[in-house]
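Visitor: based on what follows, work out the 3D shape:
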Amino acid sequence: MSDSNRNVIPLETAIKRTTAWRAFIKDKGPWKTEADLPRGSYIPVQDILDLVHDYRHRGIEMEGVRAYFTCALPDGTDNMEKCMEISLIFVPVDKDNKDILEIPTIGKEGLKGTESGVEDFTKPCPSVCDVDSPLYGKS
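Guide: Alright, predicted model coming up:
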């Protein structure tokens, strides 16, 4: 049974694209071995469900989520050559395709203020990987 709203690609296409990514990123960071190359991010289902529930509970009309690539830098440096790990952060997106960067906080008396709408709940690969997956690209 096929759902026409899904954005499924063939496995062969996914393998070609992940292989192209590894070739592209290979010489662009501090990775010393092929095993160190950033390959993907693990995203716990519960974190995704919690994000959607939290925004709906606050009455925020969220149409989707945008993922931004990030580069973890050692504390106190802005030197991109010191990038330790590439990961993803998530921002809710409204019906006008705009990032929701601040969300209202709710206290006992109602609205209390705002807090960041940016979520960081991924576990980057290579630290959390399926090394047997054809998308991992074992050498």
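Visitor: only C-alpha atoms from now on, for both contacts and neighbour counts.
Guide: Noted.
Visitor: all strands of the protein, in order?
Guide: Applying DSSP state E to the chain gives strands spanning 40-42, 64-72, 85-93, 102-107, 110-116, 123-125.
Visitor: elements contacting the third one?
Guide: Taking 3 or more CA pairs under 8 Å, 6 or more residues apart in numbering; DSSP states H and E as contact, the helices and strands that strand 85-93 lies on are strand 40-42, strand 64-72, strand 123-125.
Visitor: over to the last one?
Guide: Counting contacts by 3+ CA pairs under 8 Å, 6+ apart, the secondary-structure elements packed against strand 123-125 are strand 40-42, strand 85-93.
Visitor: how close does the residue nearest the centre of the chain sit to residue 133?
Guide: Nearest to the mean C-alpha position of the chain, counting by CA atoms, centre = their mean, stands residue 88 at 3.1 Å. Separation of residue 88 from residue 133 (CA to CA, to the nearest Å): 20 Å.
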